[in-house]
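> Using only what follows, build the 3D model:
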Amino acid sequence: MEKIQISARFKIHPGKAEAFKKVVATCVVIVSEKEKGKTCSQYDWFFSSDNSESVVRETYNDSDAVLLHLGNVGEQLGQLLEMADFSAEFYGPISDELKNAVAPFKPALYSFYSGL
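The predicted structure is shown next:
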């Protein structure tokens, strides 16, 4: 496994779901224009039935692609973090530079072991 997969979960603060969705829409446009098909092969947002939680599933070519993504949507991520509690899981070969960049978010980091 060479790609990096991310599952990020947002527990949206009460009354913030619609504002949160507007920022997500901006993120999707940015990723579509700057990353899709180049450095990012998956960027899918999901919402719980009551809009209290959201999960984004992401797949990137490598650590550099994730760092590029963070640069592209950094402002929007800051806005989302003001409206939600955040947790994330990273899967794959994560560079030390990426580990340092995401350390403040305290994500769970998983290295590939085995599979098809």
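> Can I take it that Phe46 is in a strand?
Yes - assessed with DSSP: H, G, I helix; E, B strand; the rest coil, Phe46 lies in a strand.
> right, and it touches Glu58 too?
No - with contact defined as CB atoms under 8 Å, Phe46 does not reach Glu58; the gap is 11.8 Å. To be clear about C-beta, it is placed using only N, CA and C from the backbone, and glycine gets the same treatment.
> These two: who's more crowded?
Remark: of Phe46 and Glu58, Glu58 carries more neighbours, 22 against 10, as counted by other CB atoms under 10 Å.
> give the contact list for that one.
Counting by CB atoms under 8 Å, 6 or more residues apart in numbering, Glu58 makes contact with Gln5, Ile6, Ser7, Ala8, Cys40, Gln42, Tyr43, Asp44, His69.
> 7 Å instead?
Gln5, Ile6, Cys40, Gln42, Tyr43 (CB atoms under 7 Å, 6 or more residues apart in numbering).
> Tell me the secondary structure at the second one.
This means Ile6. Assignment for Ile6 (three-state DSSP): strand.
> Grab the nearest non-local neighbour of it.
Counting by CB to CB, 6 or more residues apart in numbering, the nearest residue to Ile6 once its immediate chain neighbours are dropped is Glu58, at 4.2 Å.
> Could you pull out the buried residues of the helix or strand where the one you found lies?
Assigned by DSSP states H and E, Glu58 belongs to strand 53-60. Using 16 or more other CB atoms under 10 Å as the test for burial, strand 53-60 gives Glu53, Ser54, Val56, Glu58, Thr59, Tyr60.
> partners of the fourth one in the sheet?
With DSSP bridges as the criterion, the beta-bridge partners of Glu58 are Ile6, Tyr43.
> mind checking how far it is from Ser114?
Distance of Glu58 to Ser114, computed by CB to CB, to the nearest Å: 22 Å.
> could you redo the contacts of Glu58 as a markdown table and give each row pLDDT, neighbour count and distance to Ile94?
Shown next, in a markdown table, are the contacts of Glu58 (pLDDT from 0 to 100; neighbours: other CB atoms under 10 Å; distance: CB to CB, whole Å):
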| residue | pLDDT | neighbour count | distance to Ile94 |
| --- | --- | --- | --- |
| Gln5 | 98 | 17 | 11 |
| Ile6 | 98 | 21 | 10 |
| Cys40 | 98 | 21 | 16 |
| Gln42 | 97 | 14 | 17 |
| Tyr43 | 98 | 20 | 18 |
